[in-house]
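J.: I would like to see how this sequence folds:
(one chain, ligands or ions: 1)
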Amino acid sequence: MKGDTYMANQKLGIIMNGVTGRMGTNQHLVRSIVAIREQGGVALSNGDTLMPDPILVGRNEAKLKKLSTEYGIDRWSTNLEEALADDYNEIYFDSQTTVRRADDIRRAVKEGKHIYCEKPTATSVEESLELAKLAKEAGVKNGVVQDKLFLPGLLKLQRLIDAGFFGKILSVRMEFGYWVFEGDWQEGQRPSWNYREEDGGGIIVDMFAHWRYVIDNLFGPIRSVSCLGATHIPERIDEKGKPYTCTADDAAYGTFELEDGIIVQANSSWAVRVNRDDLLTIQVDGTEGSAVAGLRDCKTQHRVNTPKPVWNPDIQNPHDFLAQWEEVPDNQVFDNGFKVQWELFLKHVFADEPFPWDLLEGAKGTQLSDLGLKSWKERCWVDVPDLHV
Ligand SMILES: NC(=O)c1ccc[n+]([C@@H]2O[C@H](COP(=O)([O-])OP(=O)(O)OC[C@H]3O[C@@H](n4cnc5c(N)ncnc54)[C@H](O)[C@@H]3O)[C@@H](O)[C@H]2O)c1
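T.: Just a heads-up that it's a prediction; the model follows:
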């Protein structure tokens, strides 16, 4: 049964631009908006229910029609101008490729739409800040996807931090990555623009936008960054089977110093084979205990359970190190992180509930990737100044 037949008493028109893409379709349409419609909308604290009423916007009529039929969404259009001119549509959402985002957000702000969008918000900190400023001046609500904060593994990590489990946190090691096929004998599992700098690609631009909000929110403000990038795979094959030169970095070896002395290392790579619990693992070491979080799971080792290994290559290793950790239980039901953030944004727009992940926070992500690129190019540490609009 589709949502409109439920009791929702308040419809909210949402322009979804870039909805035919990988993130647009899977995470934002199917896992978020369609799921919210199927559950009967978003319940507000005053008893009202909010029903998202999307209009699917893109270039390709056939793709839009297919999505519309498959997911029971009546409204679709290839004309963004028209969708923006319609007052019924109160929110503009953008999950287009990064280079296309800023122009359409500017147009949407001009039309008085509230803005929600994918990260990175733009390809330079100046442009990201300009968008934050425009939205602030226009008085429209705004938000940026910061989905990793809502991953069960990271929520468990947050739970440990809130409980004071770690004592003083000393260091954090983040390992992100997997092998992205080159496209020759097996199709690549990410769009080819990710490997072309001129199209907004690059792992620093992509992942530092995530690392900024993950680190800031869990461990504290980043004060300086050192980054070495690399393009390990120089040529790939695109969606049409044509070889292209990779002009963007596909690996980044970063170190961050936080305000309170915590040191964070983050390896990000699309040219690494996975020999760890998950595609992203975050190890936190503190004086009282340590933890390793993946996307869904999190395991701990407390000070009192810490084994005492002694370096001796002359004997077989007597420890099963991986077995010496304890799982953090779920203790709650975890919903899809993109959906949870959509629900919070809709409540922010409609019921003025707090939503701290705005375009300024998004600009901080772009700032970190800009400074990471600068550090790589100039082979030096770079300080991260405060950002304001
Ligand atoms: N939050 C996350 O974890 C996460 C993960 C991956 C990507 N992203 C971000 O999401 C965005 C989209 O990434 P994706 O992997 O879905 O890419 P994609 O290539 O699959 O989708 C891009 C979308 O933009 C549209 N588009 C591209 N060129 C266009 C043009 N010339 N005119 C009109 N529309 C055009 C495409 O039709 C498609 O709908 C990027 O900004 C990326 O950084 C976020």
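J.: what's the neighbour count on the residue of the stretch 151-300 of the chain found nearest the ligand?
T.: Of all residues in the stretch 151-300 of the chain, the one sitting closest to the ligand is Pro191 (3.7 Å; CB to the nearest ligand atom). In this view, the C-beta of every residue, glycine as well, is placed from N, C-alpha and C. Residues within reach of Pro191, counting by other CB atoms under 10 Å, total 16.
J.: What does it show for phi and psi?
T.: Phi and psi for Pro191, reported as degrees, to the nearest 10, are phi -60, psi 150.
J.: That one against Arg22, yeah?
T.: Yes: between Pro191 and Arg22 there is a contact at 6.5 Å, judged by CB atoms under 8 Å.
J.: ok so Trp76 is a strand residue?
T.: Yes: under DSSP: H, G, I helix; E, B strand; the rest coil, Trp76 sits within a strand.
J.: Which pLDDT does the model give it?
T.: Looking at Trp76, its pLDDT is 98.
J.: Distance-wise, check it relative to the ligand.
T.: Going from Trp76 to the ligand by CB to the nearest ligand atom, to the nearest Å gives 13 Å.
J.: residue contacts, that residue?
T.: Residues in contact with Trp76, defined by CB atoms under 8 Å, 6 or more residues apart in numbering, are 55-57, 64-65, 67-68.
J.: Nearest to Gly362 among these?
T.: Comparing the contacts of Trp76 against Gly362 with CB to CB picks out Val57 as the nearest, at 20.7 Å.
J.: Which residue or residues pair with the closest one through a beta bridge?
T.: Asn17, Ser77 (DSSP bridges).
J.: what's the residue of the stretch 151-300 of the chain closest to the ligand in contact with, if anything?
T.: By CB under 8 Å, 6+ apart, the contact set of Pro191 is 21-22, 97, 239.
J.: In helices, which of the residues you listed appear?
T.: Judged by DSSP state H, the subset of the contacts of Pro191 located in helices is Arg22.
J.: Tell me the one of the contacts of Pro191 nearest the ligand?
T.: The shortest approach to the ligand among those belongs to Gly21, at 2.1 Å (CB to the nearest ligand atom).
J.: And the closest one, how far from Ala108?
T.: Going from Gly21 to Ala108 by CB to CB, to the nearest Å gives 18 Å.
J.: Between those two, point out the one with more neighbours.
T.: Neighbours were counted for Gly21 and for Ala108 using other CB under 10 Å; Ala108 has more, 27 against 19.
J.: Give me the nearest residue to that one, chain neighbours excluded.
T.: Tyr92 (3.5 Å; CB to CB, 6 or more residues apart in numbering).
J.: number of nearby residues for that neighbour?
T.: Neighbours of Tyr92 (other CB under 10 Å): 27.
J.: For this structure, which segments count as helices?
T.: So, for the chain - with DSSP H - the helices run 22-23, 35-38, 61-71, 80-85, 98-110, 125-138, 152-162, 203-218, 337-351, 359-378.
J.: can I get those in a markdown table with distance to the ligand and mean pLDDT?
T.: Formatted as a markdown table, those follow (distance: least, CB to the nearest ligand atom, whole Å; pLDDT from 0 to 100):
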| stretch | distance to the ligand | mean pLDDT |
| --- | --- | --- |
| helix 22-23 | 3 | 96 |
| helix 35-38 | 17 | 98 |
| helix 61-71 | 8 | 98 |
| helix 80-85 | 9 | 98 |
| helix 98-110 | 4 | 97 |
| helix 125-138 | 12 | 98 |
| helix 152-162 | 13 | 98 |
| helix 203-218 | 6 | 98 |
| helix 337-351 | 8 | 97 |
| helix 359-378 | 10 | 98 |
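J.: can you redo these as CSV with distance to Leu322?
T.: Converted to CSV, these look like this (distance: least, CB to CB, whole Å):
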stretch, distance to Leu322
helix 22-23, 33
helix 35-38, 35
helix 61-71, 42
helix 80-85, 51
helix 98-110, 38
helix 125-138, 40
helix 152-162, 16
helix 203-218, 24
helix 337-351, 26
helix 359-378, 31
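J.: which stretch among those helices comes nearest Ser290?
T.: helix 152-162 (9.8 Å).
J.: which residues make contact with that closest one from outside it?
T.: Contacting residues not belonging to helix 152-162 are listed as 148-149, 166, 169, 214, 218, 278, 280, 282, 284, 289, 291, 293-298, 300, 328, 330, 334 [CB under 8 Å, 6+ apart].
J.: what comes up buried for it?
T.: Within helix 152-162, the residues that count as buried by 16 or more other CB atoms under 10 Å are 152-157, 160-161.
J.: Then stretch 24-32?
T.: Within stretch 24-32, the residues that count as buried by 16+ other CB under 10 Å are 24-25, 27-32.
J.: now do stretch 381-389
T.: 382, 384.
J.: Endpoint to endpoint, that stretch covers what distance?
T.: For stretch 381-389, the first and last residues are 25 Å from each other (CA to CA, to the nearest Å).
J.: and it, average pLDDT?
T.: Averaging pLDDT along stretch 381-389 yields 97.
J.: Give the residue spans of the stretch 151-300 of the chain that score low on pLDDT.
T.: Within the stretch 151-300 of the chain, no range satisfies pLDDT under 70.
J.: Show me which residues of it are close to the ligand?
T.: Counting by CB under 6 Å from any ligand atom, the stretch 151-300 of the chain comes close to the ligand at 191, 206.
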